[in-house]
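In: Sharing a model prediction with you, sequence too.
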Amino acid sequence: MAEATRGPQFVRRVRRAWYKILRALSVEEPNFEVEYEPEEEVVEEEVLGPWHPKTIEMIETIWGKGFNMPGGPQHVLTLAKPFALDNQMNLLDISSGMGGGTVAVSSKFGCYATLLENVPELAEISQRNIDMSQVRSKIKLQEFDPAKISLKANSFDCILTREFLFRTEDKTRMLRTIKRAMRMYGQLSLTDFMLASDKDPSPSLKKWIESDPFPIHLWTVDRYHQEIEALGLDVRVSEDISKDYHGYMTRAFQSFIDRYQEGKIKASKNQLPILMGEVERWARLAALLEAGEVQLHRYFALKPVKG
């Protein structure tokens, strides 16, 4: 009886969280419902941890196979396109994710790639996705500690880092290590979350940082500009791509809604907390991007001959 009573209340919580992100992303879907049928008998439901296969299944259902963030292959291939990669070039990918981005780039351009991952559980998931791909022989995954990272000098033609450095406390060291690892005329494509200004953080920003499962260390846009300039790289592109990223969120959640209502996907009862967590997490960031307090900035730069 207690389980049956809890069920509808829990679904209402999920629905409220869902509509929160719909409002944040300006997605209109008034008829969306999360279905739940109370069981006749009390059954102990398995509580899913962050790395449980059903948890990963739900996250990949939202963001795409091999992805745990917005954008999917479209985002990563857009960032890698200026590299003009071919099957003789080496790419270093330092990015948050589950291997899908590296697989997408290597599959599209035929390049060799090294993926660095600092979370052991994500490394295991990434390796699984790499092993299941047709380019598994071209991708090497390495676990690393950002605080102790060391890369061989002049070893990569191109380096891609997507939405990762904001989780690294010593970004100065990371950026210097990245530059050192670039070959002469090497290319860097970098995206990261940044503070629009150095004013005191709002309650919304504090909530986002405190509630995130991984650490967040944000630089201001000005601080990033100064650090990139100090590296002596030839910066060809410096732009705010927050609007594009907001669009990736919108399309991903709209697609989830459409597929759910068409009966193509289902969420089991113990997957609903995972869904709710993703909804709440990205709703917070969407609101910050829309308010302009946080932005996703993109740099594309070359390593000069005398850099």
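Out: Cool, got the structure. Numbering: from 1, shown residues only.

In: Okay, now the unreliable bits of this protein?
Out: 1-45, 306-307 (pLDDT under 70).

In: tell me the helices in it, going along the chain?
Out: Taking DSSP state H as the criterion, the chain contains helices spanning 2-25, 53-63, 72-80, 100-109, 120-131, 171-181, 203-211, 221-230, 242-261, 272-291.

In: From the ones you listed, pick the one with the highest average neighbour count.
Out: helix 100-109 (a mean of 24; mean count of other C-beta atoms under 10 Å). Placement of C-beta: from N, CA and C, glycine included.

In: how about it as CSV, C-alpha atoms only?
Out: Presented in CSV, the C-alpha positions along helix 100-109 are these (Å, rounded to 0.1, in the frame of the first residue of the first chain):
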residue,chain,number,x,y,z
GLY,A,100,31.1,8.8,-28.5
GLY,A,101,32.8,12.0,-29.6
THR,A,102,36.1,10.4,-30.3
VAL,A,103,34.4,7.6,-32.2
ALA,A,104,32.5,10.1,-34.3
VAL,A,105,35.6,12.0,-35.3
SER,A,106,37.7,9.0,-36.1
SER,A,107,34.8,7.4,-38.0
LYS,A,108,34.2,10.6,-40.1
PHE,A,109,37.8,11.5,-40.9
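
In: and Arg298, which of the helices of the chain is closest to it?
Out: helix 72-80 (7.2 Å; C-beta to C-beta).

In: Other residues contacting that closest one?
Out: 63-64, 91, 95, 100-101, 104-105, 108-109, 158, 160, 162, 189, 191, 244-245, 248, 252, 298 (C-beta atoms under 8 Å, 6 or more residues apart in numbering).

In: mind listing what the residue positioned nearest the centre of the chain touches?
Out: Central residue of the chain (C-alpha atoms, centre = their mean): Met69, 3.3 Å from the mean position. Contact partners of Met69, counting by C-beta under 8 Å, 6+ apart, are 63, 96-97, 163.

In: Report the buried members of those residues.
Out: The neighbour count (16 or more other C-beta atoms under 10 Å) marks 63, 96-97, 163 as buried among the contacts of Met69.

In: And those, which is closest to Ala113?
Out: Closest approach to Ala113 among the buried ones among the contacts of Met69 (C-beta to C-beta): Gly97, at 12.7 Å.

In: I'd like the buried ones among the contacts of Met69 written out as JSON lines, with distance to Arg236 added.
Out: Below are the buried ones among the contacts of Met69 laid out as JSON lines (distance: C-beta to C-beta, whole Å):
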{"residue": "Trp63", "distance to Arg236": "29"}
{"residue": "Ser96", "distance to Arg236": "24"}
{"residue": "Gly97", "distance to Arg236": "25"}
{"residue": "Glu163", "distance to Arg236": "20"}
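
In: Out of the residues you listed, which sit inside strands?
Out: Using DSSP state E, no member of the buried ones among the contacts of Met69 sits in strands.

In: remind me, longest strand of the chain?
Out: strand 182-195.

In: and that one, how far from the chain's centre?
Out: Per C-alpha atoms, centre = their mean, to the nearest Å, the displacement of strand 182-195 from the mean C-alpha position of its chain is 17 Å.
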